[in-house]
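A.B. asks: Prediction below, plus the sequence it came from.
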Amino acid sequence: MKHISTIGSAALLGSMGVVVMSTLTGCSQQEQQEPQNRFLVIEQQVNGKYIVVEEMPTEGPSRSIIRERDENGVVTERFMNEDEMRSLAEQEYQKMQNGQSELNQEPSSSPGMGLAGTILAVAAGSLMGNMIGNALMGNKNFQRHSNSVNKSAYHKSAAAKKSSSASKSKKSFFGGSKKRSSSGRSSFFGG
């Protein structure tokens, strides 16, 4: 009978391990699968260039509010839907491919870029697909522009989280290190 009890305990322990692994894997995948689409508030600066002042992930289509200043300094807001944003981003991407975009150059000391460049720099993946977004992120000037035009708290938080997770050292599955217990035997959970 003792043999059957040991097999039952091993099966229970194995099942618990599978549940724990599934839960941990699900959590990390869920963190990585944040909504790609963005709701942006893009503001025109005094120098005529644009920066993103607010950014939020959204389940719905990408869209933005554009705040522009007239010659008297009066701010007006207009709505831009995903199709309009995509059209501007595609035009800027073509300019970039031809070497004629601000995104091909080093960022200037004055903040912002043109509207199309700002939209492409911030929302390339959600508007044009991950392959293009990832390819653009490999371009150092593109990355610098992306960081320089996005002044939103969301972007700063996401960038800080990314650099924090990249700098953490890797630990064992259960977070502990390999130590021996005082009895000389190693426990299942690394303690």
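C.D. replies: Perfect, I can see it now. Residues are numbered from 1 along each chain as shown.

A.B. asks: Let me see the contact set for Ile119.
C.D. replies: Neighbouring residues of Ile119 by Cβ atoms under 8 Å, 6 or more residues apart in numbering: Leu40, Ile42, Ser64, Met85, Leu88, Ala89, Glu92, Leu127. The C-beta positions use only the backbone N, C-alpha and C, and glycine is treated the same way.

A.B. asks: Quick check, Pro107 in contact with His145.
C.D. replies: Yes - here Pro107 reaches His145: they are 5.4 Å apart, a contact under Cβ atoms under 8 Å.

A.B. asks: which one of the contacts of Ile119 sits closest to Met56?
C.D. replies: Leu40 (8.1 Å; Cβ to Cβ).

A.B. asks: what about the closest one, how many neighbours?
C.D. replies: By the criterion of other Cβ atoms under 10 Å, Leu40 has 25 neighbours.

A.B. asks: Verify the stated contact: it with Ile65.
C.D. replies: Yes - at 7.4 Å, Leu40 and Ile65 qualify as touching, with contact defined as Cβ under 8 Å.

A.B. asks: ends of stretch 75-89, how far apart?
C.D. replies: End-to-end distance for stretch 75-89: 24 Å, by Cα to Cα, to the nearest Å.

A.B. asks: what's the answer for stretch 64-75, then?
C.D. replies: End-to-end span of stretch 64-75 (Cα to Cα): 16 Å.

A.B. asks: Please determine how far Asn104 is located from Lys140.
C.D. replies: From Asn104 across to Lys140, the span is 11 Å (Cβ to Cβ, to the nearest Å).

A.B. asks: Repeat that for Gln91.
C.D. replies: Gln91 sits 23 Å away from Lys140, taking Cβ to Cβ as the criterion.

A.B. asks: So which of the two has more stuff around it?
C.D. replies: Taking neighbours as other Cβ under 10 Å, Gln91 and Lys140 compare with Gln91 leading, 14 against 9.

A.B. asks: Could you check which helix or strand contains the more buried one?
C.D. replies: If you go by DSSP states H and E, Gln91 is part of helix 82-97.

A.B. asks: Met56 too?
C.D. replies: In this structure, Met56 sits in strand 50-57 according to DSSP H and E.
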